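K.L.:
for reference, the sequence and a predicted model appear below.
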Amino acid sequence: MTRRALYLLPLLLFALVAGYFLWGLASDRNPNLVPSALIDKPAPAFDLPPLDGLGRPGLATADLQNGGVALVNFFASWCLPCRAEHPLLMDLAESGVVRVLGIDFRDSPEDARRWLGQSGNPYERIGVDERGRTSIDFGVSGVPETFVIDREGRIRYQHIGPLMARDIEDKILPLIESLSE
Amino acid sequence: MSPGRGLRSSLGILALILGLLAPAGAAAVLPDEVLDDPVLENRARALSRLIRCLVCQNESIDTSNADLARELRILVRERLTDGDSDAEVFDFLVARYGDFVLLRPRMKPANYLLWFGPAALLLFGAAGVTLYFRRRRPSAVDGLSAEEEARVARLIGQDPDAE
């Protein structure tokens, strides 16, 4: 009996390895996705100046700790995927379910002003992260990235890459709803 | 073939060999990033080679030209200048980007399979092969049984009792 079980071992090992490879090939898996290290941790300490000439205040850690659930979106005027997700952020800001806050990542102020002037400004506050140091503290590796911050100022969700309508419906909105209760 | 062409082709081969021998990733460190203290700079370079560029993902920040890699190189140097140990620099980055930022995985229970898996598989295979051959050997080495001797003798027409 035990002898026969031993013969099944290679088959079992093969099934294990094959299953792992199958998982690796799954079409909905993105191998470039880096698991976030900051989930459920307080947002890092930062204090960023406003974008001159836009008439919106800058952004600091304190702004995340009072005022309700917030969506912090890292963007840049030179970033094409940011343009793709921009209409969705406009909709979110208009709906008023969440405060939409922006961090302008390694950008020229003129370009940022021009872009937001052309396509609209969804951000209640914008912090200018000229060298990208605050972005590093948030574990951002590139724009766009979007964080959901709860009322106590803790990071609850990190979205890497442009937001799609599906991401907002399936993840962002339900999370905001549960955090707002 | 003219002697000139022969020379040119051997020069070509030489260039090819030199090209293949050159280090795969030349450092991307820019002069303005380099620290004045050579000891700290050497430490920074050694650390940079072990830190992943999150943009290029399979390159270290030492060889990557990405903006983020440059900023991380400067950050590593700032922290070393402020007196951080190597471990503190790694901890700082892991707190932000997770273990993925390290090109050499840490020795911790979650990574044991990664570190010891290949060696364990090798041992497992070696044990299997040893067992297999050890079990086979006796039947090959043992002589014929008395019964078989008798049968052989009968077949070749000799009576074993006659000898």
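P.N.:
On my side now, so go ahead.

K.L.:
B:Arg136: how many residues sit nearby?
P.N.:
Applying other C-beta atoms under 10 Å in any protein chain shown, we find 10 residues neighbouring B:Arg136. C-beta coordinates here come from the backbone N, C-alpha and C atoms, glycine included.

K.L.:
so it is in which element?
P.N.:
Per DSSP states H and E, B:Arg136 falls inside helix B:112-141.

K.L.:
over to B:Val76?
P.N.:
Using DSSP H and E, B:Val76 sits within helix B:67-81.

K.L.:
who are the packing partners of the following helix or strand past that helix?
P.N.:
With elements assigned by DSSP H and E, the helix or strand that comes after helix B:67-81 is helix B:86-97. Applying 3 or more C-beta pairs under 8 Å, 6 or more residues apart in numbering or on different chains; DSSP states H and E, one finds that helix B:86-97 contacts helix B:38-48, helix B:67-81.

K.L.:
can you rerun that using 10 Å?
P.N.:
helix A:133-137, helix B:38-48, helix B:67-81 (3 or more C-beta pairs under 10 Å, 6 or more residues apart in numbering or on different chains; DSSP states H and E).

K.L.:
any chance of these in JSON lines, plus distance to A:Arg106, mean pLDDT and mean neighbour count?
P.N.:
Shown next, in JSON lines, are the helices and strands packed on helix B:86-97 (distance: least, C-beta to C-beta, whole Å; pLDDT from 0 to 100; neighbours: other C-beta atoms under 10 Å in any protein chain shown):
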{"stretch": "helix A:133-137", "distance to A:Arg106": "8", "mean pLDDT": "95", "mean neighbour count": "20"}
{"stretch": "helix B:38-48", "distance to A:Arg106": "20", "mean pLDDT": "94", "mean neighbour count": "16"}
{"stretch": "helix B:67-81", "distance to A:Arg106": "6", "mean pLDDT": "94", "mean neighbour count": "20"}
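
K.L.:
get me the contact residues on chain B for chain A.
P.N.:
Residues of chain B lying close to chain A (C-beta under 10 Å from any C-beta of the partner chain) are B:52-57, B:66-68, B:70-72, B:74-75, B:92-101, B:121, B:124, B:128, B:131.

K.L.:
could I have the buried ones of the residues you listed as ChimeraX selection syntax?
P.N.:
Buried residues within the residues of chain B next to chain A, by 16 or more other C-beta atoms under 10 Å in any protein chain shown, are selected in ChimeraX with:
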select /B:52,53,54,55,56,66,68,70,71,72,74,75,92,93,94,96,97,98,99,100,101
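
K.L.:
so which of the helices and strands packed on helix B:86-97 gets nearest A:Leu13?
P.N.:
When these are compared by C-beta to C-beta, helix B:38-48 sits nearest A:Leu13, at 38.3 Å.
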